[in-house]
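Visitor: sequence first, then the predicted structure, then my questions.
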2 protein chains.
Amino acid sequence: MQISSRFTLAVHILICIDTFKDEYKTTSDFLASSTNVNPVIVRKILSQLKSAGLVTVARGSGGASITRSLDEITFLDIYNAVDCVEGELFHFHESPNESCPVGRNIHLILDDKLLRVQNALERELSSIKLSDVKGDLNSILDK
Amino acid sequence: MQISSRFTLAVHILICIDTFKDEYKTTSDFLASSTNVNPVIVRKILSQLKSAGLVTVARGSGGASITRSLDEITFLDIYNAVDCVEGELFHFHESPNESCPVGRNIHLILDDKLLRVQNALERELSSIKLSDVKGDLNSILDK
DNA sequence: TATAGTTGTAACTATCATCGTTACAATTAT
DNA sequence: ATAATTGTAACGATGATAGTTACAACTATA
């Protein structure tokens, strides 16, 4: 399994909106061109980002805007917004045998450990901000 | 997406093998009964664990054994063995537009950050040992 | 050495998520 | 009114997951 490209796509889209906000109207077509995915996919992701309160989208007239400054948006915000994982990170096998001492307890004894792993992932995601990405982009573009 | 239940299944199987090694012959049928999955699935996972050097499987006569002590097997060993993720944790959208300043650089500026997240996940996985799981199981069973 | 039990694996199916596409009603600025 | 754009439904293709049946290959032991 891999984490859906919706995540990298969403980051790309957000950075694009910020980068071009003064030069272009950042429509789904415009963003589709930079990311090279279908405009409908872009609209779906924008719709998820909108639900999460990260962007506003101008219906009719077109164009998306970011609602906060880039240092107030973490990778975790985006990851949660685009539903990369719903609920538990680890899929548990459904119905271990209750009449086996191991089967009866396996869920209980693994859950805290699986949660530790999930927390580690999310903690790292929350430590990275869009402003970090933008900073690195600017360093490259300014050269 | 979720991490395949092959992972929790593999942990369950390994703990079962260790728990019952002196009482029963831990065949794929036996393990299938505790986990409540098809014996063929168990054999596939055993085959992957065998490739990773974590178990031996007795062809013909039947039964699996663990090759190391439980404190020498981490969740990361198991995670890698059962191919939960091959290569990169994050699926990157395929072909950003090279003629866009963002599209041209997005891969470069994200890769180190995505790797940090992947490393955080794997670091936590490597900090948990099968002996931790067994210890917690024994605490429950001894009560 | 024949047999019973077991593994390894191929072949197939069902289900689901992902990603893409076309199409079109609803919306908005001009 | 018109032109551009969004939101969303309805598909289809692809690939991963998980399950199943079937059977050849292997091994201990009776």
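Guide: Cool, the structure landed. Numbering: from 1, shown residues only, chains lettered A, B, ... in the order given.

Visitor: what sits against residue A:17?
Guide: A:26, A:31, A:55, A:64, A:65, A:66 (C-beta atoms under 8 Å, 6 or more residues apart in numbering or on different chains). Any C-beta I mention is one placed from the backbone N, CA and C, and that applies to glycine too.

Visitor: just confirm it is within a helix.
Guide: Yes. Secondary structure of residue A:17 (DSSP: H, G, I helix; E, B strand; the rest coil): part of a helix.

Visitor: picking that back up, save the contacts of residue A:17 as CSV, and put in pLDDT, distance to residue B:114 and neighbour count too.
Guide: Shown next, in CSV, are the contacts of residue A:17 (pLDDT from 0 to 100; distance: C-beta to C-beta, whole Å; neighbours: other C-beta atoms under 10 Å in any protein chain shown):
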residue, pLDDT, distance to residue B:114, neighbour count
A:26, 96, 24, 26
A:31, 97, 20, 28
A:55, 97, 22, 24
A:64, 96, 23, 25
A:65, 97, 26, 12
A:66, 97, 21, 20
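
Visitor: inside strands: which ones of those?
Guide: A:55, A:64, A:65, A:66 (DSSP state E).

Visitor: tell me which element the residue nearest to the first one when sequence neighbours are not counted falls in.
Guide: Excluding the flanking residues, the one nearest residue A:55 by C-beta to C-beta, 6 or more residues apart in numbering or on different chains is residue A:49, at 4.6 Å. For residue A:49, the host element (DSSP states H and E) is helix A:39-51.

Visitor: quick check: mean pLDDT of that helix?
Guide: The average pLDDT within helix A:39-51 is 97.

Visitor: how about it, which residues are buried there?
Guide: For helix A:39-51, burial by neighbour count (16 or more other C-beta atoms under 10 Å in any protein chain shown) applies to A:41, A:42, A:43, A:45, A:46, A:48, A:49, A:50.
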